[in-house]
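Peer 1: Just to be clear, the model below is a prediction. Sequence and coordinates:
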Amino acid sequence: MTTNRCAIYLRVSNRDHRCLQQFRDLRQAVEGRGWKIVRVFREKRASAAGVDRPAWRSLCHEAQLRRFNVVAAWSLDRLGRSALEILSAVELFEARSVRLFVPRDAIETGGSAGKLVLTVLAGVAQLERDLISERTRMGLQAARVRGSKFGRPRKYLSPRDLDEVRDGRRTAVSLAREVGVSVVTVRRRLREVA
């Protein structure tokens, strides 16, 4: 039987906090299972959207290289801010046959109970995606009611230019090049004003 090689991921969101207690708890849980700790990744940053997490990137890279087969984290919220982020992390590990071990939340993705957790997490993540999508649609609808315009601004094609194309004094291609639009746009505008 091969020994499980374990990477520990520690993250604290405030520079005043220390990773030491997380590390002690994780080391005790990991060594209690007879696993070998091969790498410890420490992050002292918040996991807010857009915040770079170099230790996390390094962990994911080394997981791709299969340098370990278990990732231990103190709790699920250390992996991400939302169910979507957490599920994405778990899927990344699962795709590389790396299990996730979270002793504080009693989660290990290796067995059937772990598969259940993944299924529930996937359901929560889908719900989160649906809620975000619904809020976005409602926000766009409210903005339209207030008169906001979306998309690229339309290029102006003068009625005189369109008449020249329609009368054959000019080609749609030459007008499109001059104004910086596609020929399809010129033809669409010709149909709109016809």
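Peer 2: Yes, it's here.

Peer 1: Mind listing the residues bridging to the residue lying closest to Val117 once chain neighbours are set aside?
Peer 2: Spatial nearest neighbour of Val117, excluding adjacent residues (CB to CB, 6 or more residues apart in numbering): Ile107 at 5.2 Å. For the C-beta atoms, the positions are set from N, CA and C on the backbone; glycine is no exception. Beta-bridge partners recorded for Ile107 (DSSP bridges): Val102.

Peer 1: Can you get me a residue count around Ile107?
Peer 2: Applying other CB atoms under 10 Å, we find 20 residues neighbouring Ile107.

Peer 1: residue ranges of the helices in this structure, please?
Peer 2: Assigned by DSSP state H, the helices in the chain fall at 20-32, 54-64, 83-95, 112-145, 159-167, 172-179, 183-193.

Peer 1: so which of those helices is the most packed in?
Peer 2: Here the criterion is mean neighbour count by mean count of other CB atoms under 10 Å, and of these the winner is helix 83-95, at a mean of 18.

Peer 1: quick one: contacts for Pro159?
Peer 2: Taking CB atoms under 8 Å, 6 or more residues apart in numbering, we find Pro159 in contact with Val193.

Peer 1: Output the below-cut-off pLDDT ranges for the protein.
Peer 2: Along the chain, segments meeting pLDDT under 70 span 1-2, 13-18, 45-51, 118, 122, 125, 194.

Peer 1: Work out which residue lies at the spatial centre of it.
Peer 2: Taking CA atoms, centre = their mean, the centroid of the chain lies closest to Glu85, which sits 6.2 Å from it.

Peer 1: dump the residue contacts of the nearest residue to that one once chain neighbours are set aside.
Peer 2: Leaving aside its chain neighbours, Glu85 sits nearest to Leu79 (6.9 Å; criterion: CB to CB, 6+ apart). Residues in contact with Leu79 (CB under 8 Å, 6+ apart) are Tyr9, Ala73, Glu85, Ile86, Ala89, Val90.
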